[in-house]
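Colleague: Pasting a predicted model and its sequence here:
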2 protein chains.
Amino acid sequence: MTIQKAFNKNEEVVASKKSIRLFVLDCLEKAGCGPEHAQQLADILICSDYRGHYSHGLNRLHIYVNDVKTGGTDVKGDPFIIKEKGATAWVDGNNLLGPVVGNYCMKLAISKAKEHGIGWVVTKNSNHFGIAGWYAEMAVNQGMIGMAFTNTSPCVFPANSAEKSLGSNPICAAAPAMNGDSFFLDMASTTVAYGKVEVVDKRGGKKIPPSWGVDKNGRETFDPKVVLNGGGLQPLGGSEITGGYKGTGLCMMVEMFCGILGGSAFGKHIRQWQTNEKNADLGQCFVAIDPECFAPGFSERLQIFLDDHRQLEPLDESHPVQAPGDPERAHMNMCDEMDGIVYKKSQLAHLQNLAKELGVPMFQLKVVEDPVL
Amino acid sequence: MTIQKAFNKNEEVVASKKSIRLFVLDCLEKAGCGPEHAQQLADILICSDYRGHYSHGLNRLHIYVNDVKTGGTDVKGDPFIIKEKGATAWVDGNNLLGPVVGNYCMKLAISKAKEHGIGWVVTKNSNHFGIAGWYAEMAVNQGMIGMAFTNTSPCVFPANSAEKSLGSNPICAAAPAMNGDSFFLDMASTTVAYGKVEVVDKRGGKKIPPSWGVDKNGRETFDPKVVLNGGGLQPLGGSEITGGYKGTGLCMMVEMFCGILGGSAFGKHIRQWQTNEKNADLGQCFVAIDPECFAPGFSERLQIFLDDHRQLEPLDESHPVQAPGDPERAHMNMCDEMDGIVYKKSQLAHLQNLAKELGVPMFQLKVVEDPVL
């Protein structure tokens, strides 16, 4: 079957990581980005799709390409340390691609953790850094606890507010258990991401659950279209009565670690999503902690804790209790079995346009005969 | 009006901090606890009531007294550092009163933050430490960001689980803004605390909101009595569909910082609430971060962020948007105006029994003519 045919149906397709990587590198090169920075962005976008976080992967490639093409994001130079003391450092991201800044900061946090037991690094002047989990995993791969936070453009209506003022500010904390297993929490501080509302809407769904979203005046709505047309997201917990003030507080805590500590844009002063009349100037925070500085046997205990959790009697036998990171692990295993990353047609349609616009060949796709998504 | 009369009605009474403090010290002395440790517990219990967190204040005095009397908590000795490296330390709480352990650890974290920019201290072998905010405030008073976490006895049913396995593991993060203002988040990682369910029940309420609690099999219930009789709490977010897996993840993250890093009891292995057939062996984590290590002007920016937040247009004009810590601030102001701490009769009834049991004079109460709570 040809690619065009696949795109005309809502079929699933699979592409090798290698071919996707080449495509991303081609696109970024055409946009004016050198290979060193482009590779860092390519790796994290692919990792995102591989983990099943499609909203943060190739889905956003055109945004990065546009930021580079228009000069909204710089592609020359390096992030640099403005000041550092002991276990801490303050970094200027130099308006480079988010992953370039994030990789730099997390490496710094890890090296500080090796020396001081912990590293806490905050940057200003950064851009969208993709999934926070990418950076936490860098620490996990060194046997450490990793955490990553970023502020984002306003999309959240705080509890009791008729205005949106906060980003979906993710909280990510991950740690190594035994034999490659891990605790892996990577969550927006909203009940759900915009992507989940979009999915309901695209599938023709007329109703979203409580605590997901609000209309343009901040009133809770169950209509996905109302959320998507000028409304916004609710913090984790939803309304005040169901704990939304706690989600609001967590969202603000992340902003404190990012924009307030870093001296970047913060809160409602961050530029609107997908605009670039001014630099994003995002604030981001990266933490690495060496568990060896505390009680011996960290990974063994974490494994028992994860196993205890997974073995809890489920409410529904067909739906086992999962630990943070388990859904992503299952998705990665599925992709490995398919020998590539699996997409639905609709997820890649916009890349056809991007490929055409940049004069870059689209990557090879293979139709999946038995749907797996 | 006599105290007895006040106790016979559901009146409000006010007591001076000084008289409450003496009472707590008397009770603890009778139980066998020396003044140095007793003072630390007294101060945090009073602070808790003063902030309006009555569930963690005098309300729990009899539990601490019982732990001391039975020898479940030790009252001799000091916490000690087992090992330390750079910005980190691992402490043995020596089974002392939680506030004794917590104060020791937070002081250590602050001194490490002065030297290394951050201090991250984890203890094992601790006991209930009261409100987490007490410790975070110690850092705030030094111009630092403070964080405190503890694990607790199992009371939470994770999303999708038919068994309870996690504590209400609080997350506390606070930071200094301008002129005594602050960001002050101190929250259980559940939608609500047990206390809120009890309040609905005591007032004769038949229904609690969604996401608050479950029955003994983990099924969401709206009946407060079912939660209180063998049921349990839901993590922030409630059920899976409304984000309960995120609250579960946060709850587990706290356990990772406490029991898993500290090598104490953890998760479902922690002793049941109000039992003491074995030591509590709680794990706790204390963090101080010096904002001076990052962008200059931290408190000024934080103040703008807080003011932006408070000035958001509210959904309901009579209910302004509040920042984390604002309800507590309002409560403290109210108590200051009343020149003491305000209680309802039902909140102090159990102390009459405790006073009688220990042969200690009950502290002086003054009836509040115009109710303020």
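Modeller: Happy to help now that I have it.
Colleague: can you give me the end-to-end distance of stretch A:202-216?
Modeller: Chord length of stretch A:202-216, first to last residue, is 20 Å (C-alpha to C-alpha, to the nearest Å).
Colleague: Is it positioned near chain B?
Modeller: Yes. Using C-beta under 8 Å from any C-beta of the partner chain, stretch A:202-216 reaches chain B at A:209-212. Quick note: C-beta positions are derived from backbone N, CA and C, even for glycine.
Colleague: Now the nearest residue to residue A:164 once chain neighbours are set aside: phi and psi?
Modeller: Spatial nearest neighbour of residue A:164, excluding adjacent residues (C-beta to C-beta, 6 or more residues apart in numbering or on different chains): residue A:232 at 4.5 Å. Dihedral pair for residue A:232: phi -170, psi -170, per degrees, to the nearest 10.
Colleague: and residue A:232, how many neighbours?
Modeller: By other C-beta atoms under 10 Å in any protein chain shown, 23 other residues sit near residue A:232.
Colleague: Same question for residue A:358.
Modeller: Counted with other C-beta under 10 Å, the neighbours of residue A:358 add up to 18.
Colleague: ok, and the closest non-adjacent residue to it?
Modeller: Closest residue to residue A:358 apart from its sequence neighbours, by C-beta to C-beta, 6+ apart: residue A:30 at 4.3 Å.
Colleague: The one you found contacts residue A:361, doesn't it?
Modeller: No. If you go by C-beta atoms under 8 Å, residue A:30 and residue A:361 don't touch, sitting 11.4 Å apart.
Colleague: Looking at those two, which one has more neighbours?
Modeller: residue A:30 (17 against 11).
Colleague: Please identify the buried residues of stretch A:82-95?
Modeller: A:82, A:84, A:86-95 (16 or more other C-beta atoms under 10 Å in any protein chain shown).
Colleague: And stretch A:188-208, by the same measure?
Modeller: Going by 16+ other C-beta under 10 Å, stretch A:188-208 has these buried residues: A:188-194, A:196-197, A:200-201, A:208.
Colleague: Let me see the mean pLDDT of it.
Modeller: The pLDDT scores in stretch A:188-208 average 91.
Colleague: how long is that stretch end to end?
Modeller: End-to-end distance (C-alpha to C-alpha), stretch A:188-208: 18 Å.
Colleague: And the contacts of it?
Modeller: The contact list for stretch A:188-208 (C-beta atoms under 8 Å, 6 or more residues apart in numbering or on different chains) reads A:54-55, A:155-156, A:168-171, A:211-213, A:221-225, A:227-228, A:233-238, A:247, A:250-251, A:254, A:346, B:237, B:242-243, B:246.
Colleague: biggest separation within the buried residues of stretch A:188-208, which pair?
Modeller: A:189 and A:201 (22.3 Å; C-beta to C-beta).
Colleague: show me the contacts for residue A:292.
Modeller: By C-beta under 8 Å, 6+ apart, the residues touching residue A:292 are A:143, A:298.
Colleague: can you give me the strands for chain A?
Modeller: A:12-15, A:80-85, A:88-92, A:118-126, A:145-150, A:171-176, A:182-187, A:213-214, A:220-221, A:232-233, A:282-289, A:341-344, A:366-367 (DSSP state E).
Colleague: Kindly reformat those strands as TSV containing distance to residue A:317.
Modeller: Listed next are those as TSV, based on distance: least, C-beta to C-beta, whole Å:
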stretch	distance to residue A:317
strand A:12-15	28
strand A:80-85	53
strand A:88-92	48
strand A:118-126	42
strand A:145-150	33
strand A:171-176	29
strand A:182-187	25
strand A:213-214	31
strand A:220-221	33
strand A:232-233	32
strand A:282-289	37
strand A:341-344	27
strand A:366-367	34
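Colleague: Residue A:269: which of those is closest?
Modeller: Closest approach to residue A:269 among the strands of chain A (C-beta to C-beta): strand A:282-289, 11.1 Å.
Colleague: That closest one packs against which elements?
Modeller: For strand A:282-289, the elements it packs on are helix A:98-116, strand A:118-126, helix A:133-140, strand A:145-150, helix A:261-262, judged by 3 or more C-beta pairs under 8 Å, 6 or more residues apart in numbering or on different chains; DSSP states H and E.
Colleague: and the angle from it to helix A:98-116?
Modeller: 30 degrees (axes from the mean of the first three to the mean of the last three C-alpha atoms, to 10 degrees).
Colleague: Just checking: what are the partner strands of strand A:282-289?
Modeller: Sheet pairing for strand A:282-289, assigned by DSSP bridges, gives strand A:118-126 (antiparallel), strand A:145-150 (antiparallel).
Colleague: Of the ones you listed, flag the one that's most buried.
Modeller: Counting by mean count of other C-beta atoms under 10 Å in any protein chain shown, strand A:118-126 has the highest mean neighbour count of the strands paired with strand A:282-289, with a mean of 30.
Colleague: quick one: contacts for the most centrally placed residue in chain A?
Modeller: Nearest residue to the geometric centre of chain A (C-alpha atoms, centre = their mean): residue A:131, 2.3 Å. The contact partners of residue A:131, taken as C-beta under 8 Å, 6+ apart, are A:44, A:47-48, A:51, A:53, A:56, A:172, A:186.
Colleague: so which of these comes closest to residue B:290?
Modeller: Distance to residue B:290 across the contacts of residue A:131 (C-beta to C-beta) is lowest for residue A:172, with 23.3 Å.
Colleague: leaving aside the residues next to it on the chain, what's closest to the closest one?
Modeller: Residue nearest to residue A:172 in three dimensions, not counting chain neighbours: residue A:132, with 3.6 Å by C-beta to C-beta, 6+ apart.
Colleague: What of residue A:311?
Modeller: Nearest to residue A:311 is residue A:321, by C-beta to C-beta, 6+ apart, at 7.9 Å.
Colleague: isn't the one you found right next to residue B:160, touching?
Modeller: Yes. Using C-beta under 8 Å, residue A:321 is in contact with residue B:160, at 5.1 Å.
Colleague: These two: which is more packed in?
Modeller: Neighbour comparison, residue A:321 and residue B:160: the larger count goes to residue A:321, with 25 against 19 (by other C-beta under 10 Å).
Colleague: Per-residue confidence, that one, what does it come out as?
Modeller: pLDDT at residue A:321 comes out at 98.
Colleague: again with residue A:272
Modeller: Looking at residue A:272, its pLDDT is 89.
Colleague: Could I get the contacting residues of it?
Modeller: A:153-154.
Colleague: Can you report phi and psi for it?
Modeller: With angles defined as degrees, to the nearest 10, residue A:272 sits at phi -60, psi 150.
Colleague: picking that back up, run through the residues that contact the residue nearest to residue A:358.
Modeller: A:358-360.
Colleague: ok, 10 Å please
Modeller: A:65, A:68-69, A:354-355, A:357-360 (C-beta atoms under 10 Å, 6 or more residues apart in numbering or on different chains).
Colleague: pLDDT below threshold where in chain A?
Modeller: A:1-9 (pLDDT under 70).
Colleague: switch to 80 and redo it
Modeller: With pLDDT under 80 as the threshold, chain A has low-confidence stretches at A:1-10, A:274, A:276.
Colleague: Correct me if wrong: residue A:98 contacts residue A:283.
Modeller: No. Using C-beta atoms under 10 Å, residue A:98 makes no contact with residue A:283, being 11.5 Å away.
Colleague: Need the overlap of contacts for the two.
Modeller: Common neighbours of residue A:98 and residue A:283 are listed as A:123, A:126, A:150 (criterion: C-beta under 10 Å, 6+ apart).
Colleague: give me the number of residues near residue A:156?
Modeller: Using other C-beta under 10 Å, residue A:156 has 27 neighbouring residues.
Colleague: ok, it touching residue A:212?
Modeller: No. In this structure, residue A:156 is not within contact of residue A:212 by C-beta under 10 Å, at 11.7 Å.
Colleague: show me what contacts residue A:29?
Modeller: Contacts of residue A:29 were listed using C-beta under 10 Å, 6+ apart, and they are A:35, A:38, A:358, A:360.
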